[in-house]
Structures are given as structure tokens and as C-alpha cells.
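Trainee: got a predicted structure here, sequence first:
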Amino acid sequence: MTFQFTISPDFPPNRIAGWYIFNTWLQKASGLAVHLEMYPDFESQRRAIREDRVDMIYANPYDAAMLIREKGFVALTRPAEKVDEAVVVTRADAPYASVDDLKPGTRVAMTNDPAVNLLGMMMLEPVELDGSNIGVREVKSYAVAAKLLVQEKADVAFFLKEAFEKLTNLTREQLKVLVESQIEDLYHLFLVGPRLGEQREILRNLLVEMHTTPQGKDALDNLGFSRWEAVSESDAEFMMNLIEALK
Amino acid sequence: MEDMRPENIVGEYHEYTLTFYDGTTRKVLVTDIETPYPDGKLIVSSTDTQGVILHANQAFVDMSGYTREELIGQPHYILRHPDMPRAAFREMWRTIQAGKVWRGYIKNLRKDGGFYLVYATIMPNFKDGKIVGYTSVRRKPSRRKMEEALRQYAEIRKEEEK
């Protein structure tokens, strides 16, 4: 049987090769046949999840909550010391010094990354901006969000902090951060579905020990991770409650 | 629960005695100094079904002024400010014990006698269909809505003191 593995479409594009290297390592280490399927967007990935075509996933916190609660997935690990934060960004020469300067009617560029959008909206809430009084510009990528800001077609944009930091220097120089989240309790998770129930603990141990072998270490380097850290049921539960509270 | 101690208080303070739902009383020392809620942060804690703190994140520690060790094992009412009406917490408990999510504005008391203002979401945690505890997530409130809530709380407290 071939198991299907997929990753949250919000990964930085320069890590594509890294995920294929990881998948090769995973197959060798576990002896399982694993096919890596990359979905171009959240919608097509969610469709695959709904149709039970996914067995393993590296998921963002928002989708992880859905996978655990609705699809019987179990969280095994997270990348150590890596947390998900969002930033609200505007043009460098925009007349806003802080979120307090934003008014109803603000045009907000956002991708369809649900965790980032949740955090972004949370940071607009203190100035009473919400879905009813902002203009949403939905974009396909963070690069397009940056472009809309530079072209003055959006006033602010939500970015995954890591994605914002990966923009070219030239782009970043034209932008400024108005506010950034400092949650520290949200992170991507590696989860497995019900069909891998018996292999769960073996896979968790393989991942946690991955950095101790040269091949494993090399594959992790290609993802920008130092190592995987085991996640308990209560850790995952805590994160899901947090996401739920922000909805 | 221990009374607040003058040596921990920063600035001039007033003394109050609070009585909680379980009959416990606590002497609190209160100043007018606000610690502004920092942008982008979330205060997160979880409790058991009795409201005893089991988990507190770093933002909770920073904003409350207590160490994590001082918070864990204490009832959540360690943060109770005398400006908060008892009715607000009665309604909150009724809501979350019924398995529903409660959202509202709260003025919290710091260890140093000062206060901080939050918009809180408190939700029950379920296991096998039973409530096993609660998670509370606090974020920066809208200033206008917070002031409105504080005005209402002051009126309710006047009634409660009659």
C-alpha cells in the first residue's frame, strides 16, 4: 500500500526540493511506500483531505485542528523552536505609524492561509476592524500581496512572518511592519491519519531521532529545521483550543 | 489564598477585601497604574473545572506580574480586580459550565496592584463529551468597547453594593 503525504501549501517555495528529500528519507527510514503530493492551494488540499486521500501531513495549526477533530489524525511532532507568527505590513511611505491609524474601509491583501488570516484579523480587532468594514483583496501568494502594497492597490497585507522575511531585500525595503504577533504557542505539526494507526509510534520515534543520523540531519537542513520535537495529545489540544478561541 | 502584600505594590494603593464564590476572602491592594496591553500578544491559560490554573503562557506571566510557579495551582480569581462586578463572573461561569463560549471585557489585577485590560474568550474543553477544564485566551481590547464595559461594570457594582 502506498500512503499519501502532503504539506501545507504555505511552505516557502525554496523548500520544495527539501520536502522531496525528506520524503525519500522517510521511505528509507520507515520502509513504507510514501507518495508526496504537493497541492497548489489550500482548497485542493482540503478536498483531498475530505475525500480521505491523505495519510500524512505537515499542516498549519488551523488545518491541524480540523484534521484532529474531524478526521481522526494524531499529531506526532513539530519542528523544534519554530513557531508561526503573522505580521501586518504596509508600504514604507504609507501614512500609518501603527494599527491605531487604520480606519474602516482599509484595503487588506491576504492569501487564503487560514492561520495567518486569523492572526491578522486578531491584530486589527483592537481598532474595531473586522470582515464587515475592511475591503479584502484575496491573493494567490505573499509575493502578490507585496506587489499590491507597492502598487498602492492595498493598504495593508497579512503575511506569515517567515514568508515576509523571505521576500527579496528590494521588496522588503519598500514595506514596513505595523504589528507582529507574539503568540509563541502556534506551530506547524506533522500528523498521521487513521490508516497509519499501527505505525504511529514508530514514525514518531524515527522523526524525533532524525537529526542524529547524517542523512537525517542533511534532510532536515534542507527544510531549515534543526530537529523534530515530539508533541503530546495535550500540546495539540491546547493549540486547538487557542485556534478555536480566535475564530 | 494569600492576601496581597504592601512590599509587592508599586505606587499608592487602596485596600479592599474581596469575597469569592467559594467563600474565600482576600485582601487586595490596588493602584491606578495601568500596564498597557502589548500589540500582537495573547495571554493563554487553562484551568481545571474549578478554575484552578494548570497552564500559563509567558504573556500571562509578564502581564500579571506573578511567576509561573506562583500562578499554577492558584484559582483564576487571583487576578480579580475590585472594579469587576460579581455578576460578570457569575454569568461567565453559567455560560461555560453550560458548555458554551463566553466572551467579554475584563479588568485584571496585577501582583504589583496595577491593572491591565483584556478582551477574553473562555471556552470549555471536552473529553468524551464531558467538560474537563477551560481555556482562556485574552487579547488586546478595543479601547472604546473596553471603556463602555467599564462604565457598565461601575453601574452594576453600585447596585451590588446597595
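Mentor: Okay, I see it. Numbering: from 1, shown residues only, chains lettered A, B, ... in the order given.

Trainee: average pLDDT for the longest helix seen in chain B?
Mentor: The residue-count maximum for a helix in chain B (DSSP state H) belongs to helix B:143-161. The predicted model assigns helix B:143-161 a mean pLDDT of 95.

Trainee: identify the residues contacting it?
Mentor: A:126, A:128, B:83-88, B:104-105, B:107, B:117, B:119 (C-beta atoms under 8 Å, 6 or more residues apart in numbering or on different chains). From N, CA and C alone the C-beta is placed, and that goes for glycine too.

Trainee: swap in stretch B:67-83?
Mentor: B:1, B:16, B:18, B:20, B:22, B:24, B:26, B:28, B:30, B:45, B:47, B:50-56, B:60-61, B:64, B:66, B:89, B:107-109, B:111, B:115, B:136, B:150, B:153-154, B:157.

Trainee: and the spatially most central residue of chain A, what's its pLDDT?
Mentor: What sits nearest the mean C-alpha location of chain A, by C-alpha atoms, centre = their mean, is A:Asn60, with 3.9 Å. At A:Asn60, the model reports a pLDDT of 92.

Trainee: what's it in contact with, if anything?
Mentor: A:8, A:10, A:84, A:113-115, A:188.

Trainee: closest one of the residues you listed to A:Thr77?
Mentor: For the contacts of A:Asn60, the closest approach to A:Thr77 (C-beta to C-beta) belongs to A:His188, at 9.9 Å.

Trainee: how far away is the closest one from chain B?
Mentor: From A:His188 across to chain B, the span is 18 Å (C-beta to the nearest C-beta, to the nearest Å).

Trainee: ditto for A:Asp155
Mentor: Taking C-beta to the nearest C-beta, one finds A:Asp155 at 18 Å from chain B.

Trainee: so what's that residue up against?
Mentor: Here A:Asp155 is in contact with A:90, A:94, A:96, A:102, A:106-108, A:149 (C-beta under 8 Å, 6+ apart).

Trainee: end to end, how far does stretch A:153-164 reach?
Mentor: 18 Å (C-alpha to C-alpha, to the nearest Å).

Trainee: and what of stretch B:61-80?
Mentor: First-to-last distance for stretch B:61-80 - C-alpha to C-alpha - comes to 15 Å.

Trainee: about what we covered before: out of the contacts of stretch B:67-83, which sit inside helices?
Mentor: Among the contacts of stretch B:67-83, the subset assigned to helices under DSSP H consists of B:60-61, B:64, B:89, B:150, B:153-154, B:157.

Trainee: which one of those is nearest chain A?
Mentor: Nearest to chain A among these, counting by C-beta to the nearest C-beta, is B:Phe60 at 10.8 Å.

Trainee: okay, now the domains of chain A?
Mentor: According to automatic domain parsing, chain A comprises the domains A:2-83+A:185-246, A:86-180.

Trainee: want to throw those into a markdown table with distance to B:Gln74?
Mentor: Listed next are the domains of chain A as a markdown table, based on distance: least, C-beta to C-beta, whole Å:
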| stretch | distance to B:Gln74 |
| --- | --- |
| domain A:2-83+A:185-246 | 19 |
| domain A:86-180 | 27 |
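
Trainee: circling back: pLDDT check: weakest of the contacts of A:Asn60?
Mentor: A:Asp10 (83).

Trainee: ok, residues contacting the lowest-mean-pLDDT helix or strand in chain A?
Mentor: Sorting the helices and strands of chain A by mean pLDDT, DSSP states H and E puts helix A:233-246 at the bottom, at a mean of 88. Residues outside helix A:233-246 that contact it (C-beta under 8 Å, 6+ apart): A:61-62, A:64-65, A:68-69, A:74-75, A:115, A:118-119, A:122, A:183, A:185-187, A:189, B:42, B:44, B:46, B:55, B:101, B:121, B:123, B:125, B:135, B:137.

Trainee: what about the helices in chain A?
Mentor: Here chain A has its helices, by DSSP H, at A:16-30, A:42-50, A:61-71, A:114-124, A:142-150, A:161-165, A:169-172, A:200-209, A:214-223, A:233-246.
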